[in-house]
Each structure stands twice: as structure tokens, then as C-alpha cells.
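Trainee: Just need the structure, nothing else, for what follows:
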Amino acid sequence: MTASSACNTSLRIGLALGLLLGALDLSAAEADVLLDDAVRAVAEFAPANADGSPLVIERAAQARHELGAVVDARPADGGLPQILAITPGGAAARLQLRVGDRLMQVNGHQFTAGEASAKTLHDAVQADAGRLALQVQRGGEQLTLSGALDRVETPAYRLSISPLPAAGGCGRINLALKPPVSESIYPIFLHSIDGRLGGPLLNSLDGVYRLSAGRHLIKVSEEIPDDRFWGAASNHRRQQQRHERFKILEIEVAANTTYRIGARFHKDRASSVKDQSYWEPVIWKEFEEGCR
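Mentor: The predicted structure follows:
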């Protein structure tokens, strides 16, 4: 396992632990169940170390800042980032942000439409000072709001996780390698496996997911480049979110077998965006590989 892999896993376990630390209303039994679920998920999807030893995840004490708001960095109208929800009693509420506000500047940095806005806001929130100065558009007004963010402390931890035994054997889904674009097969975004979240918490180690042998339902959306579409179809697809473009791929996983999946693009149906007939999830390669 690479250092990057261990770090990514640590971040996902850290997310689960952070949720538990913040869930003050939970009983000890309820907190144990949530933690057990998080650890079991990693054990199920993470590949074992080559020597079969447990996966060890270790992280020093840390702190982060939270705004306490849900922000749409890419609104459907193509405009500036928009506030979708405010956490009661959180930093955003104290700053007097409101649902519907558009973010124009943060700490002197100008917002632009697109994914760069998400990084701009994230970097500002996580800056050491822990303060924000926002310029927002509210209706026909432009307002300047400023204040301190919430600081969340996470203690140091060390976890040793052994892979779950698979009675009927196990196989893998490997998303690490890019599909053959020359064959009109493009990368996919994994939403879930058998209904379990495939993003922030259960995301893979180096793009590899360990699954028990048997039938699995994989929820994915396509990541076909925008330049493969044109006209009204291109505009409509750009407005859609990933969760609106998802499809389910059913895979019968065989023991000691690895599968690589992608999105096959049907060029002759590029204008058929609404019914999504322009793409389908496919297994573009499978091969024998030991799994335990």
C-alpha cells in the first residue's frame, strides 16, 4: 500500500470519527454502531496488505474550521456560488449569511463560476486565521460580512483493521487505470456499491474496491468530456448534476477476478441526453488476480 493510499484511508476514517465526535446527542451504543459501520466498510472495500497483515491507519491530532453552510459551487444557472442551506447556530448563521446569497469574494479573492470556486472557498475556510470576510450579493444589494469560523478539534488516533473474511472468495473493481478512450470508453464516477456511499467515506485505496464474490449493484455516472457534445444537448447535460446522470451496473463478481469499468459513449446518440441513451456502463476488462 502506498503512503497516499494510507493517507486517503485516514481521511475517510477521520471523517467518520469527526461525525461521531460531533454527534453529542448519541448514546454510547449508537456511537459504537456508527463507528463499527465505518470500520467495517473500510475493511470490506480496502484491499489487504500484500502479506495479509492488518491495515494500520494512524493520524496525529488536528483541527479544522467549518463554515456551517451548504454551498453550490456550480449552480444550474451558471452563476456565482450560492448558499443552499445554513446550519443553525453555526458560523454562517453568525455571519448572517442567508439561503440564496451569492458569493462574490472571500478574504479578497474573487469568485468565478465553476469548480475553482469550491477550492477558493475551501482554502479560505481552512486558513490558519479561521476568519472570513465575505462579499455577497443578496437580491439587488451587495453586502460585506465577516467573522470567526467554528473550530473543530480531532484527537490523535491509531486504528488496526483486518480485512473481512469472504466465505465464497472475493474479487475487485479497479478504477485506477483510465479506460481506452480510443474505443469510446471513458472514466466513471462511483456513487455507491450495493447502496453504500462510494465517495467521501468508502472511496477506494488507489481506485481499488474489494468485494465478496457474488452479485453487486454499482451506481455510477459518466465522465465523458464536454467537447463530445454540442448545441442544446451540451447545454442540457452541463446543467445536469452527476446524480441525475447515474446508471446501475450489475456485476456478478467471481472469486480472484478483477474488473475494470467505464462509460461507453455512443457517438451516434450524442444528442439523446435527456433519456441518457448516449452512454452505458460497461466492464471493459476483467482478469484473474488473487484476492483474500
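Trainee: so where's the stretch 151-292 of the chain uncertain?
Mentor: By pLDDT under 70, the low-scoring segments of the stretch 151-292 of the chain are 163-166, 197-206, 242-243.
Trainee: again, only this time at 50
Mentor: Residue ranges of the stretch 151-292 of the chain with pLDDT under 50: 199-204.
Trainee: And the strands in it, which stretches?
Mentor: 157-161, 170-174, 185-186, 188-193, 196-197, 208-212, 214-222, 246-253, 257-265, 279-288 (DSSP state E, counting those that start in this stretch).
Trainee: Show me what the first one is packed up against.
Mentor: What it means is strand 157-161. With contacts defined as 3 or more CB pairs under 8 Å, 6 or more residues apart in numbering; DSSP states H and E, the packing partners of strand 157-161 are helix 3-22, helix 28-45, strand 55-59. The way it works is simple: take the backbone N, C-alpha and C, and place the C-beta from them, glycine included.
Trainee: Counting neighbours, which bits of it end up buried?
Mentor: Neighbour counts using 16 or more other CB atoms under 10 Å place 159, 161 of strand 157-161 among the buried residues.
Trainee: just stretch 175-185 next, same as before
Mentor: 175, 179, 184-185.
Trainee: what do you get for stretch 258-269?
Mentor: 258-265.
Trainee: ok, those residues vs residue 134, which is closest?
Mentor: Nearest to residue 134 among the buried residues of stretch 258-269 is residue 263, at 37.7 Å by CB to CB.
Trainee: and the closest residue to residue 90 other than its chain neighbours, what does it touch?
Mentor: Distance criterion CB to CB, 6 or more residues apart in numbering; nearest residue to residue 90, sequence neighbours excluded, is residue 68 at 2.3 Å. Applying CB atoms under 8 Å, 6 or more residues apart in numbering, one finds that residue 68 lies in contact with 86-87, 89-93, 150.
Trainee: ok, back up a step: just say which of the strands of the stretch 151-292 of the chain is most tucked in.
Mentor: Burial of the strands of the stretch 151-292 of the chain is given as mean neighbour count (mean count of other CB atoms under 10 Å); strand 170-174 ranks first at a mean of 23.
Trainee: Direction included, what does that one pair up with?
Mentor: Paired neighbours of strand 170-174 in the sheet (DSSP bridges): strand 208-212 (antiparallel), strand 257-265 (parallel).
Trainee: What angle do strand 246-253 and the longest one make with each other?
Mentor: What separates the directions of strand 257-265 and strand 246-253 is an angle of 150 degrees, with axes from the mean of the first three to the mean of the last three CA atoms, to 10 degrees.
Trainee: switch to numbering from 8
Mentor: Will do, 8 is the new start, and the previous item becomes strand 264-272.
Trainee: contacting residues around strand 264-272?
Mentor: Counting by CB under 8 Å, 6+ apart, 178-182, 184, 186, 190-195, 225, 227, 229-231, 235, 256, 258, 260, 285-296, 298 sit against strand 264-272.
Trainee: Good, we can wrap up now.
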